[in-house]
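Q: I need the structure of the sequence given here:
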Amino acid sequence: MPGGGAGGGKRKKLPFPFCLSQKPNMASSMRSLLSDHGRYVEAFRRFLANSTEHQCMQNFIEEKLPGIIARIGDTNSEINILSIGGGAGEIDLQIIFQVQAHYPDSHINNEVVEPNAEQIIKYKEHVATASNLKNVKFAWHQETSSEYQNRITEKKELQKWNFIHMIQMLYYVKDIRATLKFFHSLLDTKGKILIILVSEISGWNKLWKKYGSRLPQNDLCLYVSSSDIAQILDTLKIKYECFDLLSTMDISDCFVEGNENGELLLDFLTETCHFSKTAPPDLKAEIIEDLQRPGFSTKERGKILFHNHLSFIVVEA
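A: The predicted structure follows:
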């Protein structure tokens, strides 16, 4: 599952809100990678090290974001940014730097909603070592997007935001439609939401569409891509624009038996803890074969590069 603390793929079309319930797998001892936090963190680290995900996001932020934020704070001395699922903050800070460059005289209020305490600690460390953040005020909330929504709704603290971003986190909400509707209602007049998640043209799409029902499932909505989000926004009659950017992940080690890096990447791809050791032999053989096929990956200079393509969806107020 790709992402800054979140992940996902693609599943067959299901009625809203795209939720699947836990079902025991009687054929093997497979269990979700999310059941082992330490292994998930290491698998995610290997994913970032072997993919161009963050480079892809940075390219978008440098080339496209300036135009997107061009009017979000025209009349404001303070710009309010809400990060939902901010992870360790690497991409958040890149966004803040772009906002600073466009609005050098404005104060920036950056609030972060992130359920993982370790990620918040890393985020604060990144802020502590960054320069030129004197005009930025940070606040962190260790909670899920649903918990945040419930808290501010109960307190009736419905603050308006100039910019909200959701980077690789919509896989982790139980009702995506309600989530998008709620956060859209928090946008200021010229505000925008940036959603980043896997593209419908990615290898994740094909992988989950074909194998999702045979892999460990949990109560979260893991199998969504850009096409699902577009469908929801259409039903809500919310204006948006979608950009697809190409990204890859080097999965060459996945085809070397016993390779530790490859096994962790396979865990991440299948969202399965110790996939190589616990998957039924026929399932493992099918996935290993498919991952080398066109549509899933490209062979280039002796490497096998998985299609980790991303979609950047910009939602209008």
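Q: Test my guess that Thr278 contacts Thr272.
A: Yes - shown here, Thr278 and Thr272 form a contact pair, counting by CB atoms under 8 Å, at 7.0 Å. All C-beta atoms are positioned from the backbone trio N, CA, C, and that covers glycine.
Q: Identify the contacts common to these two.
A: Common contacts of Thr278 and Thr272 (CB atoms under 8 Å, 6 or more residues apart in numbering): 30-31.
Q: the more surrounded of the two?
A: More neighbours surround Thr272 than the other of Thr278 and Thr272, with 25 against 16 (other CB atoms under 10 Å).
Q: Tell me what that one is bridged to.
A: Note on Thr272: beta-bridge partners by DSSP bridges are Ser32.
Q: Run through the residues that contact it.
A: Residues in contact with Thr272 (CB under 8 Å, 6+ apart) are 30-33, 215-216, 266, 278-279.
Q: same question, Arg46
A: Taking CB under 8 Å, 6+ apart, one finds 261, 264-265, 268 in contact with Arg46.
Q: In helices only, show me the residues you listed.
A: Among the contacts of Arg46, the residues falling in helices (DSSP state H) are 261, 264-265, 268.
Q: any chance of the contacts of Thr272 in CSV, with pLDDT and distance to Ala101 too?
A: As requested, the contacts of Thr272 are exported to CSV (pLDDT from 0 to 100; distance: CB to CB, whole Å):
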residue, pLDDT, distance to Ala101
Met30, 92, 47
Arg31, 93, 46
Ser32, 90, 41
Leu33, 90, 38
Leu215, 90, 43
Pro216, 88, 44
Leu266, 97, 40
Thr278, 96, 49
Ala279, 95, 48
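Q: What is the nearest of the ones in helices among the contacts of Arg46 to Asn80?
A: Nearest to Asn80 among the ones in helices among the contacts of Arg46: Phe268, at 34.1 Å, using CB to CB.
Q: what about the closest one, neighbour count?
A: Phe268: 28 neighbours (other CB under 10 Å).
Q: So it sits against Leu34, correct?
A: No - counting by CB under 8 Å, Phe268 does not reach Leu34; the two are 11.2 Å apart.
Q: ok so, going back, among the ones in helices among the contacts of Arg46, which one lies nearest to Phe312?
A: Using CB to CB, those come closest to Phe312 at Phe268, 21.7 Å.
Q: And what about the closest residue in space to that closest one that isn't next to it in sequence, helix, strand or coil?
A: What sits nearest to Phe268 in space, not counting adjacent residues and going by CB to CB, 6 or more residues apart in numbering, is Ala43, at 4.2 Å. With DSSP: H, G, I helix; E, B strand; the rest coil as the basis, Ala43 sits in helix.
Q: how near is Ala43 to Thr144?
A: 21 Å (CB to CB, to the nearest Å).
Q: Assumed Leu158 was part of a helix.
A: No - per three-state DSSP, Leu158 lies outside any helix segment and is coil.
Q: State the next helix or strand along the chain beyond the helix or strand encompassing Trp204.
A: Using DSSP states H and E, Trp204 maps to helix 203-211. Using DSSP H and E, the helix or strand that follows helix 203-211 towards the C-terminus is helix 226-235.
Q: which residues touch the closest residue to Asp36 other than its chain neighbours?
A: Spatially, and ignoring its direct neighbours in sequence, Asp36 is nearest to Cys273 (4.8 Å; CB to CB, 6+ apart). For Cys273, the contact set (CB under 8 Å, 6+ apart) comprises 30-33, 35-36, 39, 267.
Q: Repeat the analysis, applying 10 Å as the threshold.
A: 29-36, 39-40, 43, 216, 267 (CB atoms under 10 Å, 6 or more residues apart in numbering).
Q: so how many other residues sit close to the residue nearest to Phe268?
A: Ala43 has 23 nearby residues by other CB under 10 Å.
Q: Kindly report the same for Gln100.
A: By other CB under 10 Å, the residues close to Gln100 number 17.
Q: likewise Leu197?
A: Neighbour count for Leu197, taken as other CB under 10 Å: 28.
Q: Within the helices and strands, which one has it?
A: In this structure, Leu197 is located in strand 187-198 according to DSSP H and E.
Q: export the contacts of Cys273 to a markdown table and tack on distance to Lys134?
A: As requested, the contacts of Cys273 are exported to a markdown table (distance: CB to CB, whole Å):
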| residue | distance to Lys134 |
| --- | --- |
| Ser29 | 53 |
| Met30 | 50 |
| Arg31 | 47 |
| Ser32 | 43 |
| Leu33 | 40 |
| Leu34 | 38 |
| Ser35 | 42 |
| Asp36 | 41 |
| Arg39 | 39 |
| Tyr40 | 36 |
| Ala43 | 37 |
| Pro216 | 46 |
| Asp267 | 42 |
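Q: Having no further points to raise, I will conclude here.
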